[in-house]
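Chemist: Fold the following for me, if possible:
(4 chains)
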There are 2 protein chains.
Amino acid sequence: MDRRASEKDDDTSAKERPTLKTLAFMTGLGVTTVSRALKDAPEIGAETRRRVQLVAKQIGYRPNRAGVRLRTGKTNVISLVLNTEHELMSFVSDIIYGVTEVIADTPYHLIVTPYSRSQDPLDPVRYLVETGSADGVIISRAQPNDPRARYMLEHGIPFATHGRTDMGLVHPYHDFDNYAFASEAVRHLAGIGRRRLALLTPPIGLTYRGHTVDGFTDALSEVGASEVPFNTVTIDHSIEQIRMRTAQLMRREDRPDGFVSSAAAATLAIVAGIEDAGLKLGRDVDVVSKQSSELLHLFRRELFVVNENFRLAGSELARAVLGWIGGAAPGSLQSLSKPGEVLPYRHSGGQ
Amino acid sequence: MDRRASEKDDDTSAKERPTLKTLAFMTGLGVTTVSRALKDAPEIGAETRRRVQLVAKQIGYRPNRAGVRLRTGKTNVISLVLNTEHELMSFVSDIIYGVTEVIADTPYHLIVTPYSRSQDPLDPVRYLVETGSADGVIISRAQPNDPRARYMLEHGIPFATHGRTDMGLVHPYHDFDNYAFASEAVRHLAGIGRRRLALLTPPIGLTYRGHTVDGFTDALSEVGASEVPFNTVTIDHSIEQIRMRTAQLMRREDRPDGFVSSAAAATLAIVAGIEDAGLKLGRDVDVVSKQSSELLHLFRRELFVVNENFRLAGSELARAVLGWIGGAAPGSLQSLSKPGEVLPYRHSGGQ
DNA sequence: TTGGCAATCTGTAACGTTTCAGTATATTGA
DNA sequence: TCAATATACTGAAACGTTACAGATTGCCAA
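Modeler: Numbering: from 1, shown residues only, chains lettered A, B, ... in the order given. This next block holds a predicted model:
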């Protein structure tokens, strides 16, 4: 009853997974010929090629990944490297879906490689390279001088970064235009009469913090508004801390009448802080916030939002890495996503 | 200058990744002996074993995954199977971190295997089993009669489900006690004088919808409150739909004075719908909601929340799968997470 | 007729690992 | 002394794939 024990060499009717040997036996060809026929090598006769591919399709042949990987070193794996405490929730979810969307009809698998605060961010990357665990890597939280990007360039492994670096080295990236976001936000606030603005920045050390700050200050002087420093917290701080600092700030004489916030969750905290101080959103102060899922307008209708699409980022990053693996020039695999306009509350319910 | 071309057999000083052959050469032993020494096989002399392990550590030997996988079939991979449109954002993020936390100090990698609405949920699971791509699988959105669980049991691949099944088959799972959540929520609402309650349920077809509904109705009759049917939407519906249906419901004569909601995002929509109808949360109606990240209390202070920890779920599921792979009895790898008490708003800011 | 060449196809080896079936040496029992 | 046995180690084979270096055939030019 047990059909496990295979009959040595002739796998004629075995229920095991078909291999090249199976195909070779069925077609009467050699294993080498089958292998080449399946990958459209030139020295295989047209009819033979068709015949092999037909049989392969019929019996549902799928190349054994371990075999390929052992022989060629090709893993067919893309690794997404994530920080386990500081990524935005929606970022993780959306970027994964974006990546999987792109690799769905390729042989690639997505593996998630985490690292925590206590680790050197280089650790996971080093691991991947040393063990040859992936053909391509996606990293987030890019820094102006990013040791991970440098390391991967030195070791010749294709990668893409979410966010840009600034080392004079060229590599694929996808980024959101945070300069445009921040400057548009300032212009919008100025347009509704706000003149004393505070910025809740991205975390220190990341490239896009610089872009955001630059957009903010440039637009500030353009419209003739002034900045109220708000440097004690960033969007990486806890909700409670941001809330407390905001409340402190709003109880001061020289409080801001406008905020620009780089993340939705932080915006909740800012608003809570504003209200803790007894002030009212839309009357005493206005807030423009980035968001990645369309929820802020439910929170307070007075909020202004700019949408950032992380799913798109995931897709672009995946495309970039695959492109590099496929031999495209790294410099041609860079993309910058422009923010849409600043959106006010729009009533979508009712009848 | 190019040191790529290796010198055939004697890898004495090559900068390539060390293999068993490298270790064999360095120790003067055979490849077989080295292999066994590294896995503490009994027929290796104590000193030899120590010596081999020391050298292995020194030169940073790491077994080649492809070699192991090809020879033994062991992949050292856990696959997390996710629906690309209906998982909660926070679920994806947190469960991934929970899983990676547990497998961090094991040789396991986590791969994410997505499937979309248009696909049979069985597809990704079938793929994993047929291609032998993973040693263990984690699936979410368990159904009472779940073809995926049945399939994996039949094919003997270890797995764990987020949520329970109800097929008389025993397998590892982790679940949140949604019966307790719903009944506690009802009791809480009754305790503050609410008598006409509506339930926004989990999606039709999932096991925990039944648990939630049962907890809700049992507690209703226990406290002598009545149900206002709210069956046209579930938490899988869009924010806009839930909002619209809620507003419709709240404009009726026989509107509810209390809601129980199974997801935080849906709760935002419910509140928006309530306010669309011109009613006020906390005065005209109260809402108890589950949430997985502590943000709802920032949204409206009048909300009551119960926390569900998805990171814990991820850890438990990973532990369960690893346990099963390690030979533990599937029946011993089931866990149920009890909800905490219903939490009112607590002011945490200010001084 | 013969040598050359293009077009197809094939066997062998190798990637790194584990398992199987040994071998060599020392130790024991009688 | 010899055989039996335990201890410690080893080579060869195999997992499925691809690359290398041929083989075989037919055809054409000289």
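Chemist: what comes up buried for stretch A:106-126?
Modeler: Residues A:Y108, A:H109, A:L110, A:I111, A:V112, A:T113, A:P114, A:Y115, A:P121, A:P124, A:V125, A:R126 are the ones in stretch A:106-126 that count as buried (16 or more other C-beta atoms under 10 Å in any protein chain shown). In short, each C-beta sits where N, CA and C put it, glycine included.
Chemist: Give me the contacts around the stretch of helix or strand A:G314 belongs to.
Modeler: A:G314 is part of helix A:310-325 when elements are defined by DSSP states H and E. Under the contact criterion C-beta atoms under 8 Å, 6 or more residues apart in numbering or on different chains, helix A:310-325 has outside partners A:78, A:90-91, A:93-103, A:106, A:108, A:135-138, A:158-160, A:162, A:172-174, A:176, A:292, A:330, A:332-335, A:337.
Chemist: which ones among these come in contact with DNA strand C?
Modeler: When C-beta under 7 Å from any atom of the strand is applied, no member of the contacts of helix A:310-325 is adjacent to DNA strand C.
Chemist: Now, of those, which are buried?
Modeler: Among the contacts of helix A:310-325, those buried by neighbour count (16+ other C-beta under 10 Å) are A:78, A:90-91, A:93-103, A:108, A:135-138, A:158-160, A:162, A:172-174, A:176, A:292, A:330, A:333-334, A:337.
Chemist: From A:G136, how far off is the closest residue to A:I157 other than its chain neighbours?
Modeler: Leaving aside its sequence neighbours, A:I157 sits nearest to A:V129 (C-beta to C-beta, 6 or more residues apart in numbering or on different chains; 5.5 Å). The gap separating A:V129 from A:G136 is 11 Å, by C-beta to C-beta, to the nearest Å.
Chemist: Not counting residues beside it along the chain, what's closest to A:V125?
Modeler: Excluding the flanking residues, the one nearest A:V125 by C-beta to C-beta, 6+ apart is A:R148, at 4.7 Å.
Chemist: can I assume A:L88 is in contact with A:S292?
Modeler: Yes. If you go by C-beta atoms under 8 Å, A:L88 and A:S292 touch, sitting 6.9 Å apart.
Chemist: Tell me where the stretch 251-351 of chain A has helices.
Modeler: A:264-276, A:296-299, A:310-325 (DSSP state H, counting those that start in this stretch).
Chemist: Tell me which of the ones you listed is the most buried.
Modeler: helix A:264-276 (a mean of 25; mean count of other C-beta atoms under 10 Å in any protein chain shown).
Chemist: Does that helix reach chain B?
Modeler: Yes. Using C-beta under 8 Å from any C-beta of the partner chain, helix A:264-276 reaches chain B at A:A265, A:L268, A:A269, A:V271, A:A272, A:G273, A:D276.
Chemist: between these, which is closest to B:T232?
Modeler: Of all those, B:T232 sits closest to A:L268, with 29.2 Å by C-beta to C-beta.
Chemist: For A:I270, which residues are in contact?
Modeler: When contacts are counted by C-beta under 8 Å, 6+ apart, A:I270 touches A:L200, A:I242, A:R243, A:T246, A:F259, A:S261, A:V287, A:S289.
Chemist: Which two among those are spaced furthest apart?
Modeler: With C-beta to C-beta as the measure, no two of those lie farther apart than A:R243 and A:S289, at 14.6 Å.
Chemist: ok, back up a step: would you mark the buried spots in the host helix or strand of the residue nearest to A:V125?
Modeler: Element membership of A:R148, judged by DSSP H and E, is helix A:147-155. Neighbour counts using 16+ other C-beta under 10 Å place A:R148, A:A149, A:M152, A:L153 of helix A:147-155 among the buried residues.
Chemist: ok, now how distant is the third one from chain B?
Modeler: Distance, A:M152 to chain B, by C-beta to the nearest C-beta, to the nearest Å: 17 Å.
Chemist: pLDDT wise, what is that residue at?
Modeler: According to the prediction, A:M152 has pLDDT 98.
Chemist: Excluding residues flanking it in the chain, which one is nearest it?
Modeler: A:F159 (4.7 Å).
Chemist: Okay, the one you found and B:D175: tell me how far apart.
Modeler: Using C-beta to C-beta, one gets 38 Å for the distance from A:F159 to B:D175.
Chemist: Likewise for A:K280?
Modeler: For A:K280, the distance to B:D175 - C-beta to C-beta - is 43 Å.
Chemist: Wait, A:Q53 touches A:A37, no?
Modeler: Yes. Using C-beta under 8 Å, A:Q53 is in contact with A:A37, at 6.7 Å.
Chemist: which of those two has more neighbours?
Modeler: Applying other C-beta atoms under 10 Å in any protein chain shown to A:Q53 and A:A37 shows that A:A37 carries more neighbours, namely 23 against 16.
Chemist: So what's the residue count around A:N231?
Modeler: Burial measure for A:N231: 11 neighbouring residues, criterion other C-beta under 10 Å.
Chemist: export the residues of helix A:264-276 next to chain B to JSON lines and tack on pLDDT?
Modeler: Listed next are those as JSON lines, based on pLDDT from 0 to 100:
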{"residue": "A:A265", "pLDDT": "94"}
{"residue": "A:L268", "pLDDT": "95"}
{"residue": "A:A269", "pLDDT": "96"}
{"residue": "A:V271", "pLDDT": "97"}
{"residue": "A:A272", "pLDDT": "95"}
{"residue": "A:G273", "pLDDT": "97"}
{"residue": "A:D276", "pLDDT": "96"}
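Chemist: could those residues be laid out in JSON lines, adding distance to B:R252?
Modeler: Rendered in JSON lines, the data for these read as follows (distance: C-beta to C-beta, whole Å):
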{"residue": "A:A265", "distance to B:R252": "35"}
{"residue": "A:L268", "distance to B:R252": "31"}
{"residue": "A:A269", "distance to B:R252": "36"}
{"residue": "A:V271", "distance to B:R252": "32"}
{"residue": "A:A272", "distance to B:R252": "33"}
{"residue": "A:G273", "distance to B:R252": "38"}
{"residue": "A:D276", "distance to B:R252": "36"}
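Chemist: and which of those is nearest DNA strand D?
Modeler: A:A265 (46.0 Å; C-beta to the nearest atom of the strand).
Chemist: wait, that closest one sits on A:E240?
Modeler: No. Applying C-beta under 8 Å as the test, A:A265 and A:E240 come out as separate, 11.8 Å apart.
Chemist: now the strands for chain A?
Modeler: With DSSP state E as the criterion, chain A has strands at A:77-83, A:109-115, A:136-139, A:159-162, A:173-176, A:196-200, A:226-227, A:258-261, A:286-291, A:304-307, A:334-337.
Chemist: before we move on, back to that, compare A:K280 and B:D175 (neighbour count), which wins?
Modeler: B:D175 (20 against 10).
Chemist: residue contacts, that one?
Modeler: B:A142, B:H162, B:G163, B:R164, B:Y208, B:S335, B:L336, B:S337.
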